[in-house]
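*Asks:* could you look at this predicted model? Sequence included:
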Amino acid sequence: QVQLVESGGGLVQAGGSLRLSCAVSGRTLDSYVMGWFRQAPGKEREFVTAINWSDTSTYYADSLKGRFTISRDNTKNTMYLQMNSLKPEDTAVYYCAAKQARRSWSPSDDYRGQGTQVTVSS
């Protein structure tokens, strides 16, 4: 089992920055990919970014490249999402998720945290 706990959400003005954290416990992550998703009210879950825990290769949604950066600290078993130049349309609940590297993302099968609210005011 993998337990994920997000933190760092909040209210920020447009143009501001936030850094989200996802603390991971329960098992080693060498064969896992960790990711961030977001879901705004009335919308489907949206992929934001992901990182391969073992080789740190990263993947981004095209629309978010350049503003969002994913990273991880292996010594702290923590993943981060640095969000810069935030826009009101970035408002959503942000979730961290984990899956085995050989699988595709699947809302029903992924490990997922409880989410943290990010609100960007105009």
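*Replies:* Perfect, thanks for sending it.
*Asks:* look up the pLDDT of Asp30 for me, please.
*Replies:* For Asp30, the model assigns a pLDDT of 84.
*Asks:* quick one: it from Thr78, how far?
*Replies:* 16 Å (C-beta to C-beta, to the nearest Å). Using the backbone N, CA and C atoms, a C-beta is placed for each residue, glycine as well.
*Asks:* of these two, who's got more company?
*Replies:* Ranked by neighbour count (other C-beta atoms under 10 Å), Asp30 and Thr78 place Thr78 first, with 17 against 11.
*Asks:* which residues touch the more buried one?
*Replies:* Contact analysis of Thr78 by C-beta atoms under 8 Å, 6 or more residues apart in numbering lists Ser21, Cys22, Ala23, Val24, Arg72.
*Asks:* what sits opposite it in the beta ladder?
*Replies:* As for beta bridges, Thr78 partners with Ala23, Asp73 under DSSP bridges.
*Asks:* show the pLDDT at the most centrally placed residue in the chain.
*Replies:* What sits nearest the mean C-alpha location of the chain, by C-alpha atoms, centre = their mean, is Trp36, with 2.2 Å. Reported pLDDT at Trp36 in the predicted model: 98.
*Asks:* find the nearest non-adjacent residue to it, please.
*Replies:* In this structure, Trp36 finds its nearest non-sequential neighbour in Val48, 4.2 Å apart by C-beta to C-beta, 6 or more residues apart in numbering.
*Asks:* surely the one you found and Asp62 touch.
*Replies:* No - Val48 is not in contact with Asp62 according to C-beta atoms under 8 Å; the separation is 11.3 Å.
*Asks:* about what we covered before: may I have the strands that pair with the helix or strand where the residue nearest to the centre of the chain lies, each with its orientation?
*Replies:* Assigned by DSSP states H and E, Trp36 belongs to strand 32-39. Strand 32-39 has its sheet partners listed here by DSSP bridges as strand 46-52 (antiparallel), strand 92-100 (antiparallel).
*Asks:* save those as TSV, and put in mean pLDDT and distance to Gly10 too.
*Replies:* Formatted as TSV, the strands paired with strand 32-39 follow (pLDDT from 0 to 100; distance: least, C-beta to C-beta, whole Å):
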stretch	mean pLDDT	distance to Gly10
strand 46-52	97	17
strand 92-100	96	11
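*Asks:* many thanks, have a good one.
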